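Visitor: Just a sequence and a predicted model for now, questions to come.
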Amino acid sequence: MTDPAPLPLALRCPVRHWAQTAPERIALLGEQPLDYGRLDTRLNALCKQLELAGLQAGDRLAAVVRGALEDVLLAWACVRSGLVFCPLNPAFPLPRQAELARQLAVAAFWSAGAIPAGDWQALSLDFMGELAASEEAWPLEPAQLNNMILTSGSSGAPKAVVHRLANHFASARGSASRIPLAPGDGWLLSLPLFHVGGYAILFRVFLAGAALVLDDRSQPLKTRLECQPITHLSLVPTQLWRLLAQGFDPGRTRVRELLLGGAAIPGPLVNRLAAMGLVPKVSYGLSEMGSQVCTGQPAGAGVVGRPLPGREVCIRQGEICVRGDTLYAGYFQAGDLVLPLDEEGWFHTRDKGHLTPDGELVVEGRLDNLFISGGENIQPETIEQRLVDHGAVAQALVVPVPSEEWGQRPAAFIDWHGEPVPHAELASWIRATLPGFMVPDRWLPWPDLGGNLKPSRTLLAQSLRQAE
């Protein structure tokens, strides 16, 4: 009798695969490096603890996480055990954590801090325990529900986006086609695990047999990039501006792939980085599609490249619609999965955009953000992109404010890069390429975000209206 053919990597745990084929290869870089062999034994012990706690495949487990070693271990133990991983933002106070855990109907709850009281099992886990592995592969069921990512969306009401395991494997494979990742590479976990962009990094790294570099913020990012084997990372433009202001030079690092997103991409920033020998990539993605949908090189305002393999994009009445192998299983609502698609299976993103003749996607902004001023449609993201293309502006955010004459008018919050320039200069800069009605009536300093990188457009607009 011949031995059965090995399972394809997409149907077995990639950590177990690398533990068997390259056990001494580094899998995690934190305070102490952890190779794939040791990572496998840690996961074995953690899965055993979850089993002894009475948890079964399909149960939902809430976890307060950011991106520490314990968070990564628990996230991947859920992959192996068939548990639905429900990550929560550590910024949420205990009452909010309890409210969300009830909404998600979780069976168990883990946190490195206090665990709120509720109708769930409070887990106490040993993340240092190890259990030797068997010689067998760890089979996975691609159709199993894998995680629930909470996203506020434009309405501000939290939605629980549910993915199947197959969605994340497809997302990682498509990403690798545009952003190659191989053994010996290291991807910095700079995004939190309660965002789909952070969670997706685990699958990219472990499928490739690369290293996951934990985000140790006790040291400046510039220092870490110069000292650690980080080849891949994701940043928002303001982080990159700060790095450059600190003297960041890609030539003194191993960084090979830099993914920019989260805001309008400033042309001067891209040009400056390219002149240093590192051409960044831009991306368009959403929670409902398991992170990346399109990725490409910067090529103009809003251009985010072509769809990755396994994804499809079309435009319906100016709205970006998506579908494919990474499309989520649905929203978790009152115990059921709700999947709002049109009759052709497209998910309507509420993002405005168009496709270029050669198939690249151009994202123009959120349909929800569009407002009318004196009968003219204003897409705030159009103004923001023009503003950040000015060499003095690091980032900009435009919101509507009430106007008796025009109904609504744009107001702009400006974060300066270097020395500020007169607002009249910015107004002239806008008029050079955009209609005069898009010039903001008010110019405001960048708000204090309390450590967050991304401001809330809705909250800023509300604060201005209340100040009137």
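Guide: Done, it's in. Residues are numbered from 1 along each chain as shown.

Visitor: Going by C-alpha atoms from here, please, whenever you check contacts or count neighbours.
Guide: OK.

Visitor: which residues of the protein score low on pLDDT?
Guide: Where the chain drops to pLDDT under 70, the residues are 1-10, 152-157, 262-263, 450-453, 466-468.

Visitor: which residue is nearest the centroid of it?
Guide: Centroid-nearest residue in the chain, with C-alpha atoms, centre = their mean: Gly197, separated by 2.3 Å.

Visitor: Give me the distance between the spatially closest residue to that residue that is not a sequence neighbour and Arg306.
Guide: Excluding its sequence neighbours, the residue lying closest to Gly197 (C-alpha to C-alpha, 6 or more residues apart in numbering) is Ser291, at 5.4 Å. Going from Ser291 to Arg306 by C-alpha to C-alpha, to the nearest Å gives 15 Å.

Visitor: If the residue nearest to Gly197 is in a bridge, with which residues?
Guide: With beta bridges defined as DSSP bridges, Ser291 has these partners: Leu286.

Visitor: Please apply the same query to Arg316.
Guide: Applying DSSP bridges, one finds that Arg316 bridges with Glu319.

Visitor: The residue nearest to the centre of the chain in helix, strand or coil?
Guide: helix (DSSP: H, G, I helix; E, B strand; the rest coil).

Visitor: Are there helices or strands packed against the longest helix along the chain, and which ones?
Guide: When the chain is parsed with DSSP state H, its longest helix is helix 36-52. Counting contacts by 3 or more C-alpha pairs under 8 Å, 6 or more residues apart in numbering; DSSP states H and E, helix 36-52 is packed against helix 14-21, strand 26-29, helix 69-81.

Visitor: Identify, out of the ones you listed, the most deeply packed stretch.
Guide: Mean neighbours per residue, mean count of other C-alpha atoms under 10 Å, is largest over those for strand 26-29, with a mean of 24.

Visitor: next one: that strand to chain centre, how far?
Guide: On the basis of C-alpha atoms, centre = their mean, to the nearest Å, strand 26-29 sits 21 Å off its chain's mean C-alpha point.

Visitor: thinking again about what came up before, please list the outside residues in contact with the longest helix of the chain.
Guide: With contact meaning C-alpha atoms under 8 Å, 6 or more residues apart in numbering, helix 36-52 is reached by 15-16, 18-20, 22-28, 73-74, 76-78, 80-81, 125-133.

Visitor: In contact with the nearest residue to Ala176 once chain neighbours are set aside: list those residues for me.
Guide: Closest residue to Ala176 apart from its sequence neighbours, by C-alpha to C-alpha, 6+ apart: Arg204 at 7.4 Å. Each residue near Arg204 by C-alpha under 8 Å, 6+ apart is listed here: 172-173, 175-176, 181.

Visitor: Neighbour-wise, which one of those residues leads?
Guide: Using other C-alpha atoms under 10 Å as the neighbour test, the contacts of Arg204 are led by Ala172, with 25 neighbours.

Visitor: now that one, what's its secondary structure?
Guide: Secondary structure assignment for Ala172 (three-state DSSP): helix.

Visitor: helix/strand/coil for the residue lying closest to it once chain neighbours are set aside?
Guide: Nearest residue to Ala172, sequence neighbours excluded (C-alpha to C-alpha, 6+ apart): Arg204, at 4.7 Å. Taken by three-state DSSP, the conformation at Arg204 corresponds to helix.

Visitor: again with Leu459
Guide: Going by three-state DSSP: Leu459 is helix.

Visitor: and it, what is it in contact with?
Guide: Taking C-alpha under 8 Å, 6+ apart, one finds nothing in contact with Leu459.

Visitor: same question, Trp429
Guide: Contacts of Trp429 by C-alpha under 8 Å, 6+ apart are 386-387, 390.

Visitor: Among the residues you listed, which ones are in helices?
Guide: Of those, the ones assigned to helices by DSSP H are 386-387.
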